[in-house]
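Novice: Pasting the sequence and the predicted coordinates here, then a few questions.
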Amino acid sequence: MFEIIRRDGLARIGKFTTNSGRTMETPALFPVINPKINTVPARELYDKFGFKSLITNSYIIKNTPELKEKAQAVGLHEMLDFPGIIMTDSGTFQSHMYGEVKLTNEEIIEFQKSIGTDIGTVLDIFTEPYWTKEQTAESIEVTLERTQKACEMKGEMMINGVAQGSIYTDLRESCARRMATMDIDVHPIGGVVPLMEQYRYAELVDVIMSSKKGLNPNRPVHLFGAGHPMILAFAALMGCDFFDSASYAKFARDERMMFVDGTFRLAEMESLDCNCPACRGHTLEELRKMEKGKKTKLIAEHNLYQITQELNLVRRYIREGRLWELAELRCRAHPALLEALRKLKDYQDVMEQYDPISRDGAIFYTGPETRNRPVFKRYLDRLGTRYVLPTDKVALFEDNHGKPYSRPYEQDFDKARRAGYTPIVVAPFGPVPAELDELYPLAQSLFPQIPDMETETESERLTYQFLSMMGVKEVILQDQIPDDGTEEFDANMLRAKAVARYQFGIEAADALFREPVELVTSKKTGKIRNVISDGEHVLSMRAGDGLYTLKLEGAKRITQAVPKPHMRVQVMDDAVPFAAQGRNVFAQFVTECDPEIRTMEEVIVTDKDDNPIATGRAFLVPFEIEQMKKGMAVKVRSGSSDE
Ligand code: GUN
Ligand code: ZN
């Protein structure tokens, strides 16, 4: 079973429990144990490094008489002396490396069961990147048949159903979709080792993202053969939960040390600037002269420490909602990774569906690629479809005096409005109208004050595109605003309405701002707190992200004015009384929902007759709600029976 505990876009922190009751936290790495070469003993992986899982090869065990006998007699956990989760591979990788393996799928599934593996693997066919599409399609059929057979045979053992498809994105997606319908427990993405060995990371992005589109979001995704610390953050960002590494030991035997910024040969290193528990206290000279066996063990341990340290960091960044930042930093370690980061722009639409509406910390700009993040696309989409320009004249402002813009520019904005101009800042996000400047992510983001040319050019282009789309009649610059304007305006009211349109859509905002409207503001900060429309409290504004929470009265207005499914999460009758009492809504009780819902978005929980019964924030996206048997879909704030 896989339970999602925290998430950041496609990345997630999960709790995985095997049928045997063993648990682990994800993202996690399964170090490879070669049962014949004990570089780092399994027990040490568990006790010293804290690995709660490992992977070993059932094909090697089966073909080594002493190992086979022992594994079948005492079981794999006792044989390896490992109390955690054991995954076994099937021999597929050996056939990729050395050609044919003499073994049937049934035999290896049966064998994996007989040695007490927690998670066994199908004998899938490794689809090589150089294969033709026909060859790939044919072999996928065989892999799927074998997977089906494995599901029928699995018993208490969990099954890895390996999604294949070479570099063909359509085959990757369709294979993944069919895997999603089968009774498998983990979704490895296979056939990617050659891409990683050849630094073809951009193609790896295509492979992962097209597979992710089809895979069941309820199950962990394993990037088969990936375990280098430099790629972990980026792979987690694309929604990979499991990794495995044989390299930590293989590289150690070749005297190569792994770091987040690459792999370095001991012979070529200039210094041993590593403070991991394995390296601490040693000099480069000492390490070079060390006896071979001792040296291999030390480097293997170093490699494992690098992996665990990076995984800890990845989990922390997910918890903080900042994994994009870590992935962008890591991708600067190698041009092929930077290319992959740029490639990810092709999947901005998919990523946007999982990107939270708001997060706690500020967005840090790390370079021009930052603008490919889905949060930029969402802002521009909503600005284009949900913003109403209050006047047909615009005054443009520069972004160089701090944020929110209305603080340094307070008097200038007022002057512009008195003269009949709407103030708009030319910002890295594109055009930012003054009314929106406090909402996430506009105020909660940090850019260098010396911009790069790409960002400068792009923000100007976006601004001019926006002005022409809006049919603006006149544009002036901030130093051209006339002093003698006399127009009346209410800056708070302009903001209150603009934010509502941005967040809920134009029609919904009209219903929420039925006259007479009164704004309650904070005595201390002057900021908008509550919106009272026609005597009813419909909205409250959060100070942190400048967005609204929706009151049940507000929800009623929206359901009356805007047809289904806008903002709705409809639940079955059984769940209605619970939601009404303010209890959270779980995925299995949802019957329908708005396909446009994003995580952390305000939603309206409704019954089958479209009566609003509660409001809250979405925790899952519609695709997940549809697929998931478990999991909180809506974190309910207040229900109809407690107001
Ligand atoms: N190890 C690395 N890649 C693969 C793969 O595609 N399939 C299996 N079974 N094991 C792997
Ligand atoms: Zn070290």
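Specialist: Good, I have the coordinates. Ligands and ions are numbered 1, 2, ... in the order given.
Novice: how about low-confidence regions in this structure?
Specialist: Applying pLDDT under 70 to the chain flags residues 642-643.
Novice: Give me the residues contacting stretch 288-304.
Specialist: Stretch 288-304 has contacts (CB atoms under 8 Å, 6 or more residues apart in numbering) with 31, 39-40, 45, 49, 51, 245, 247-249, 251-253, 255-258, 266-267, 274, 276-279, 282, 287. In short, each C-beta sits where N, CA and C put it, glycine included.
Novice: quick one: buried residues of it?
Specialist: For stretch 288-304, the buried set under the neighbour-count rule, 16 or more other CB atoms under 10 Å, comprises 290, 295, 296, 297, 298, 299, 300, 301, 302, 303, 304.
Novice: I'd like to know which of these are part of helices.
Specialist: The helices, defined by DSSP state H, take in 295, 296, 297, 298, 299, 300, 301, 302, 303, 304 from those.
Novice: Hmm, residue 110 is touching residue 153, no?
Specialist: Yes: with contact defined as CB atoms under 8 Å, residue 110 reaches residue 153; the gap is 7.0 Å.
Novice: Compare those two (neighbour count), which wins?
Specialist: For residue 110 versus residue 153, the count of surrounding residues by other CB atoms under 10 Å is larger for residue 153: 16 against 12.
Novice: If you count contacts, what does whichever strand or helix holds residue 459 end up packed against?
Specialist: Taking DSSP states H and E as the definition, residue 459 sits inside helix 453-469. Using 3 or more CB pairs under 8 Å, 6 or more residues apart in numbering; DSSP states H and E, the elements in contact with helix 453-469 are helix 374-386, strand 422-427, strand 430-433.
Novice: closest one to residue 200 among the ones you listed?
Specialist: helix 374-386 (24.3 Å; CB to CB).
Novice: which residues touch that closest one?
Specialist: 9, 348-349, 351-352, 354-355, 363, 370, 429-431, 433, 436, 441-442, 462, 466, 469, 501-502, 505-506, 598.
Novice: Please name the residues that touch the nearest residue to residue 266 once chain neighbours are set aside.
Specialist: Spatial nearest neighbour of residue 266, excluding adjacent residues (CB to CB, 6 or more residues apart in numbering): residue 255 at 4.2 Å. Contacts for residue 255 (CB under 8 Å, 6+ apart) come out as 265, 266, 267, 295, 296, 299.
Novice: Mind listing what's buried along stretch 272-281?
Specialist: Buried, per 16+ other CB under 10 Å, within stretch 272-281: 272, 274, 276, 278, 279.
Novice: swap that for stretch 465-476, please
Specialist: Within stretch 465-476, the residues scored as buried using 16+ other CB under 10 Å are 466, 467, 470, 472, 475.
Novice: And the helix or strand where residue 106 lies, what does it pack against?
Specialist: Using DSSP H and E, residue 106 sits in helix 105-114. Counting contacts by 3+ CB pairs under 8 Å, 6+ apart, helix 105-114 packs against helix 58-62, strand 119-121, helix 133-153.
Novice: again, 6 Å this time
Specialist: Packing partners of helix 105-114 (3 or more CB pairs under 6 Å, 6 or more residues apart in numbering; DSSP states H and E): helix 58-62, helix 133-153.
Novice: Quick one: closest of these to ligand 2.
Specialist: Proximity to ligand 2 (CB to the ion) singles out helix 58-62 among those, at 28.8 Å.
Novice: neighbours around whatever residue of the stretch 401-550 of the chain ends up closest to ligand 1, how many?
Specialist: Using CB to the nearest ligand atom, the single residue of the stretch 401-550 of the chain nearest to ligand 1 is residue 454, 37.2 Å away. By the criterion of other CB under 10 Å, residue 454 has 12 neighbours.
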